[in-house]
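Chemist: sequence and computational prediction follow.
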Amino acid sequence: MSADRIDLNLLRVFDAIFEDRNLGLAGKRLHLSQSAISHALARMREVLGDDLFVRTGKGMEPTMRALRMAAQVRGALQQIRAALGVDEFDPRVAQRKFVVAANDYITSLLLGRLSQRLHAEAPLVDLVVRPSTRLDLAGQIDVGRIDMAIGIFADVPTRLRGTTLWEQTDVVLLHRDHPIAGRAVTRDDMLAHPLIAISQGGEEEGAVGGFIVERGLARQSEMFNRDALNRAFDDPAETPRMRMSVAHSLALPALLRHSDMLALVPSSLGRELQRYGELKMCATPYACPDVAVRAVWHERNDADPALQWLRQQLADVARQVRGC
C-alpha cells in the first residue's frame, strides 16, 4: 500500500466514525451526508484491505487494525491543524465536546463548578463525564475517546502528561449527633466504632494496595490510605472493623445518619459534606500523608488549543476547591 493513495480527508472520516461509532453522527460532525460517509469508509477499506468498522447492535465497532490506528490518526490530524494555524479556540463561539473521566466525588467537587463556568463562558461547549473506574481508562485515553482523566494516580506513564489540581489527606467523617462528635477522634474511638469507606474496585478487579494498574497507569481504587491505616493499627488483636465499603461517596450522609459508624474519606470531600451541617469532619488519630489529585491527558493533546483552554479552566476551578 502506498501512502500516496490515502486522501487526508479519509482520515477525518475515520476519526469521526471512531469517535461516534455511527455513520450518521459522523456525517453530522463533518457536515457530510451518510451516503458520503459510507463511500469514504468503502474507499478506506479498499485501500487498507481491512473492514476497519463492523456493524453491531452497539454501533460501528472498530477492528483491531482500526484500534491500532486510532490514536496515531487523531494525533496526526491535530498536528496538521496546529501547523496550518486552523485550530484556534474561541470559547464564546466554539462547538466542542470534552470527555472527562472522574469518580463521583471529584465530579461533584470540580466538574459541577466547571459546568457553571462553561455555561457562562462557552455556551456551545458540551461536557461528558465518564466514570474513571472503568477498567479500560488508560486505553480510552490512548485512543482519544477520553480527553482527560482526573483522580489520584500512583504511576503515570511517560506518554501521558499531568498537572496537580490540589492535595488532600484522609479525615474522619461522622454525624453531628454521634456520641463522640464533640471532641477529637482517638485510636480507641476507631476501635470502638465500625468504619465505612469508599472503594471503587478491590482485589477481584485486580487492585493491589488500593490501586489498579492498566497499560502503565496506576489509578486509586480505594478512596482512603489503607497503608497508613494498617501502620497505625499493626496489632492484629486491635484492628478497626471495616463494616461497609461503598462505591458511591454521595451515599455517605444517609449511611451515617442514625449510625455509630465513622467514615474514612478524602479531606476535600469531607469539607464539602460538612458544609451542609449534618456531618462533622475530624482529623484522623494517626499520621496520613497528603496525596495529589491530578488531571492527566495524552501527550499528543499538549498543543491542542481547546484542551489547553480546558486545562486552564480546571486549574482555576481547582483553586475554588482548595479554598473551601
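Modeler: Alright, I've got the coordinates.
Chemist: what lies in contact with the helix or strand bottoming out on mean pLDDT in the chain?
Modeler: Every helix and strand in the chain was compared by mean pLDDT, DSSP states H and E; the lowest is helix 64-84, with a mean of 81. By CB atoms under 8 Å, 6 or more residues apart in numbering, the residues outside helix 64-84 that reach it are 8, 11-12, 14-15, 18, 48, 50, 52-53, 62, 87, 142-144, 298, 300-301, 303-304. Heads up, the C-betas are built off the backbone N, CA and C, glycines and all.
Chemist: from the residues you listed, list just the buried residues.
Modeler: 11-12, 14-15, 18, 48, 52-53, 62, 87, 142-144, 298, 300-301, 304 (16 or more other CB atoms under 10 Å).
Chemist: what are the buried residues along the least confident helix or strand of the chain?
Modeler: Here helix 64-84 shows 66, 69-71, 73-75, 77-78 as buried, counting by 16+ other CB under 10 Å.
Chemist: kindly report the domain assignment for the protein.
Modeler: Listed by automatic domain parsing, the domain ranges of the chain are 3-81, 96-165+292-322, 170-289.
Chemist: looking at those, which one has the lowest mean pLDDT?
Modeler: Of all the domains of the chain, the minimum mean pLDDT falls on domain 3-81 (a mean of 85).
Chemist: show me how far that one is from its chain's centre.
Modeler: Distance, stretch centre to chain centre, for domain 3-81: 26 Å (CA atoms, centre = their mean, to the nearest Å).
Chemist: circling back to that earlier point, show me what the helix or strand following the least confident helix or strand of the chain is in contact with.
Modeler: Next helix or strand after helix 64-84 toward the C-terminus (DSSP states H and E): strand 96-102. Residues outside strand 96-102 that contact it (CB under 8 Å, 6+ apart): 89, 110-111, 122, 124-132, 134, 137, 140-141, 145-151, 306-307, 310.
Chemist: list the ones among the residues you listed that fall in helices.
Modeler: 137, 140-141, 306-307, 310 (DSSP state H).
Chemist: which one of these is nearest to residue 261?
Modeler: residue 137 (30.2 Å; CB to CB).
Chemist: so who does the closest residue to residue 238 other than its chain neighbours touch?
Modeler: Nearest residue to residue 238, sequence neighbours excluded (CB to CB, 6 or more residues apart in numbering): residue 191, at 5.9 Å. Contacts here follow CB under 8 Å, 6+ apart; on that basis residue 191 touches 233, 238-240.
Chemist: before we move on, what about residue 126?
Modeler: Applying CB under 8 Å, 6+ apart to residue 126 gives the contacts 96-98.
Chemist: good, we can wrap up now.
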